[in-house]
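Student: have a look; sequence and predicted model below, questions after that.
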Amino acid sequence: MRIFITGATGLIGRRVVPDRLERGDHVVAVSRDASRANRLFASDADHGVEVIEGNPAIPGEWQKSIDGCDAVIHLAGAGVVDKRWTAAYKKLLVDSRIDSTYQVVQAIEAADRRPGVLINASAVGYYGDSGDSPVDETAPPGDDFLANLAVQWEQQALRAQEHGVRVVMLRIAAVLDEGGGALAKMAPLFRFMLGGPFGSGRQYMPWIHWRDVVGLIDLALKDAQLSGPMNVAAPEAVTSREFARTFGAAMRRPAWLRTPGFAMRIAIGELARYAIMSQRVRPAQAERRGYQFVHPELRGALESLLRPGPGGASTTTTNPGNPASPMSISTTAGSVGTISHSAKPGVPPVPVRLLVIDVDGTLLRSDGRLSQGVIQTCRAAERAGCVVVLATARGPRMTNWITQTLGITAPTINYNGAVIWNPQQNTPLFHQTLSPQIAQRIVALARSTSPRIMVAVERLDRWYTDRIDPQFEQLAEPDAIGPLDAFLSAPVTRLTLLGALGQVEPVLRKIRESLWQSRDIALFHPDPQVIQITHPMADKAIALQRVARRMTATQEEVMVIGDAHNDLGMMEWAGFAVAVGNASEEVKQLADAVVPSNDDLGVARAIDRYVLAR
């Protein structure tokens, strides 16, 4: 599909764009800051993304790009909780939604080939305060500022029906995302044991995990019978008190400090009224359509986002016989949101032509070694005509011994998708980088906060530093030691910061506040002494699609074996997904099959059963 998206760099948009790319769609993204959007989506390297500069609330050349698109996803609008409400900001909240929706529908009307569907953002604020009564999409609107805004917003979108366009209005609840939104505002309060319920604590708080937002948008795109409003909210209704208690448990913090209504009004003004409203929202439309929620319960949703770190970072795994280095530390990244597999086929739908295996935690045993049985079955798969691809957070240098042992010649996915590497020629086929300006800013911020923190600059299969900290003497020998300015004048694949506990934590806070919350980087904290930073759109799943296209393998011909959060996008996209026994519960639930753990020849059994037996 060719999909036009507004608000592409926002909290939801930046999740939707890579998801559509994973599914093979072409994305046309309109942004008021095209240079930022180009950096975010690496559009110069990924021809599946086309960035158009323009303000959706103002008519312009951007409107011509809707012509020929199959669908429009309209997400643009000023953030409701981004600023204290003044008369001017309330006007912006209205204008940014009503005017932009009007202009989008005008562009649809003017198009020679109109899209088939308009998916328009709205909000559960449509219902106003509904108390303890459950409300579904048939409930009437409320009578307050946000309810009236939502009504006007949806009325503008419904104008597209006059032009033969199906319209779906997403009434979105509070989105839980480790990259920003409500979660980012609440986490610091709980971290410092200041968290608790708002107001009485008895009011209901509708919520939704970002993966389900993306999944429901996919449902709206694909289900031609779906039209009108759809509540984008999780099926588990919780009160403010229950939400706070669950949030505190996920962060291992108490949730005892209630914030009374009067204090909220002093702190955030008129917005406080809406923070203590009760809305017991039911996703009736989604449930009727058979949508399987990835996170139907709050506890699992919060734990997936808050434990053990940003993006669900895992712990370090290195291989023996190769000294640990910044390039051998394995992390997991927040992956693209998708609909969970609901029907598990039991066997691959067609013979497997492309087998993708995660390295740390899946291919390698817990001691970092390769089992002989795994070596033999990987080689047998290659002889049978199946291409074996490794996907890892490691750099190419730390993957070489594995590809050589297995006899693999296919490209490898490195740095969690930032690099696709040709192991035969030792050259990159794809490389997504941090700009020198961003890298320099990170290093300056780190060193000004903790002068003794060690910086490792990683570029493809090489790494550089200005000094080796004695506590990290086990690291592999750097390719050069010298002034960092010399290594930061060119784009960087990954920055790794290492230091003692007291050095790392303040740096992590500063980088989160300055760069991570603004989505300029992807941030991983796999170990208390390690911070890793890559391009914000580096993603294994998108890299897998690039490899599949290169190998001319269809989606159905791809099988993925994985164990961690950053494997979820690959596993969802593949025709058949296998989890090893030591995988997280989220991965096992998504997988089509589960085999024994990495220490019990799980990969070998998966290859025997699903590749060689076919």
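Tutor: All right, it came through fine.

Student: so what's the residue count around residue 485?
Tutor: Close neighbours of residue 485, defined as other CB atoms under 10 Å, add up to 11. Glycine gets a C-beta too; all of them are placed from N, C-alpha and C.

Student: that one belongs to a strand, doesn't it?
Tutor: No - read with DSSP: H, G, I helix; E, B strand; the rest coil, residue 485 is helix and lies in no strand.

Student: skipping adjacent residues, who's closest to it in space?
Tutor: In this structure, residue 485 finds its nearest non-sequential neighbour in residue 440, 7.9 Å apart by CB to CB, 6 or more residues apart in numbering.

Student: could you verify that the one you found is part of a helix?
Tutor: Yes - per three-state DSSP, residue 440 lies within a helix segment.

Student: go ahead and confirm it touches residue 490.
Tutor: No - shown here, residue 440 and residue 490 do not form a contact pair, counting by CB atoms under 8 Å, at 11.2 Å.

Student: neighbour count winner among the two?
Tutor: residue 440 (16 against 12).

Student: residue 89 versus the more buried one, what's the distance?
Tutor: Residue 440 is 34 Å from residue 89, where distance means CB to CB, to the nearest Å.

Student: over to residue 355?
Tutor: 53 Å.

Student: now swap in residue 516 and tell me
Tutor: Residue 516 sits 25 Å away from residue 89 when distances are taken as CB to CB.

Student: just the helices in the stretch 351-500 of the chain please.
Tutor: 372-383, 400-406, 436-449, 484-487 (DSSP state H, counting those that start in this stretch).

Student: likewise for the stretch 51-200 of the chain?
Tutor: Under DSSP H, counting those that start in this stretch, the stretch 51-200 of the chain gives helices at 87-110, 145-158, 181-191.

Student: just checking, what packs against the first one?
Tutor: Packing contacts for helix 87-110, counted by 3 or more CB pairs under 8 Å, 6 or more residues apart in numbering; DSSP states H and E, involve strand 71-74, strand 117-123, helix 145-158.

Student: how far off centre is it?
Tutor: Counting by CA atoms, centre = their mean, to the nearest Å, helix 87-110 is centred 27 Å from the centre of its parent chain.

Student: mean confidence score for that helix?
Tutor: Helix 87-110 comes out with an average pLDDT of 92.

Student: now do the buried residues in it.
Tutor: 89, 92-94, 96-105, 107-108 (16 or more other CB atoms under 10 Å).

Student: what is the orientation angle of that helix with helix 145-158?
Tutor: 10 degrees (axes from the mean of the first three to the mean of the last three CA atoms, to 10 degrees).

Student: who's in contact with helix 87-110?
Tutor: Residues from elsewhere that reach helix 87-110, judged by CB atoms under 8 Å, 6 or more residues apart in numbering: 6, 56-59, 62-64, 66-67, 72, 74, 76-78, 80, 83, 85, 114-115, 118, 120, 145, 149, 152-153, 156-157, 159-160, 163, 165.

Student: in ChimeraX, select just the buried ones from those.
Tutor: Burial among the contacts of helix 87-110 is assessed by 16+ other CB under 10 Å; the matching ChimeraX selection reads:
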select :6,56,57,62,63,66,72,74,76,77,78,80,85,114,115,118,120,145,149,153,156,157,159,160,165
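
Student: skipping its backbone neighbours, what lies nearest residue 302 in space?
Tutor: Residue 302's closest residue in space is residue 250 (CB to CB, 6+ apart), at 4.0 Å.

Student: contacts only, for residue 78.
Tutor: 89, 92, 93, 96, 97.

Student: as a markdown table, these with distance to residue 11 would be great.
Tutor: Formatted as a markdown table, the contacts of residue 78 follow (distance: CB to CB, whole Å):
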| residue | distance to residue 11 |
| --- | --- |
| 89 | 18 |
| 92 | 17 |
| 93 | 16 |
| 96 | 15 |
| 97 | 15 |
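
Student: what is the nearest of those to residue 501?
Tutor: residue 89 (40.7 Å; CB to CB).

Student: what's the helix or strand for the nearest residue to residue 178 once chain neighbours are set aside?
Tutor: Nearest in space to residue 178, with sequence neighbours left out and distances taken as CB to CB, 6+ apart, is residue 305 at 4.6 Å. Using DSSP states H and E, residue 305 falls within helix 298-306.

Student: before we move on, back to that, quick one: which of the helices and strands packed on helix 87-110 is nearest residue 377?
Tutor: Closest approach to residue 377 among these (CB to CB): strand 71-74, 42.1 Å.

Student: quick one: strands adjacent to the closest one?
Tutor: strand 2-6 (parallel), strand 117-123 (parallel) (DSSP bridges).

Student: state the pLDDT value of residue 151.
Tutor: 95.

Student: enumerate every residue touching it.
Tutor: 126, 141.

Student: same thing but 10 Å
Tutor: Contact analysis of residue 151 by CB atoms under 10 Å, 6 or more residues apart in numbering lists 122, 125, 126, 140, 141, 142, 143.

Student: now intersect the residues you listed with the strands, please.
Tutor: Those of the contacts of residue 151 mapping onto strands are residue 122, per DSSP state E.
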